[in-house]
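*Asks:* I'd like to go over a predicted model; first the sequence, then the structure.
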Amino acid sequence: MSCNNKFNLNDFSVKKLDDKTDLSEFDCSDNDDLGLDEFIHKEALEYQNESMGVTYLFYNDDKIAGYITVAMGSIGVKMTELAVEIYDKKRYPALWLGRLAVQSKLRRRAVGKCMILWCIGLAKKTSIEIGCRFIVLVTKDESRIKFYTECGFRECPVDLKEKDTKMMYFPLF
């Protein structure tokens, strides 16, 4: 870890959630309006067993610092300004970033940004193995929109049906 108390990606080991994972000390319940704490403790393993998404845990010193849940998805041509310029298809393959949560006591130390960097690496690897052009996500909160924008995501130019909800994308190329 760097001297400014911020983490970098090398500070973490990443493991896939399984039925032996001890989640007893993980708590991301501070300001948890999205139910991320409940998801990891009660739903994530079932979600994964049903092939709806895979949850990866980020460990620092053998303690869970955060998690990210990803799945396959797509994004419509009209949802990105870039997509219209590069290829005339209706949909593009995308890695769907479903959930991202950081241990409450580790927030504001770049854990989330490290997880995004890891997710970008996963998406680039996926693009080589099976095809992937974007990372996509949906969020409501302005602070989350700001966070994802700082990580290089762009807001989709088309409004979603839910007025307060924003879809965002990260172009891999």
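*Replies:* Right, received. Where do you want to start?

*Asks:* can you give me phi and psi for Ser24?
*Replies:* When read as degrees, to the nearest 10, the backbone of Ser24 gives phi -60, psi -30.

*Asks:* burial measure for it, as a count.
*Replies:* Residues within reach of Ser24, counting by other Cβ atoms under 10 Å, total 8. Quick note: C-beta positions are derived from backbone N, CA and C, even for glycine.

*Asks:* confidence score at it?
*Replies:* pLDDT recorded at Ser24 is 97.

*Asks:* what pairs with the nearest residue to Val111 once chain neighbours are set aside across the strands?
*Replies:* Spatial nearest neighbour of Val111, excluding adjacent residues (Cβ to Cβ, 6 or more residues apart in numbering): Val102 at 4.6 Å. Val102 has these beta-bridge partners by DSSP bridges: Gly66.

*Asks:* ranges for the helices of the protein?
*Replies:* 36-38, 44-49, 81-86, 111-129, 142-150 (DSSP state H).

*Asks:* turn the ones you listed into a markdown table, columns for distance to Asp62, mean pLDDT and mean neighbour count.
*Replies:* Formatted as a markdown table, those follow (distance: least, Cβ to Cβ, whole Å; pLDDT from 0 to 100; neighbours: other Cβ atoms under 10 Å):
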| stretch | distance to Asp62 | mean pLDDT | mean neighbour count |
| --- | --- | --- | --- |
| helix 36-38 | 20 | 97 | 16 |
| helix 44-49 | 20 | 98 | 16 |
| helix 81-86 | 40 | 54 | 14 |
| helix 111-129 | 15 | 98 | 17 |
| helix 142-150 | 26 | 94 | 14 |
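
*Asks:* quick one on the thing from earlier: roughly how far does the residue nearest to Val111 sit from Lys63?
*Replies:* With the distance defined as Cβ to Cβ, to the nearest Å, Val102 ends up 12 Å from Lys63.

*Asks:* compare these two (neighbour count), which wins?
*Replies:* When neighbours are counted by other Cβ under 10 Å, Val102 and Lys63 differ, and Val102 comes out ahead with 24 against 12.
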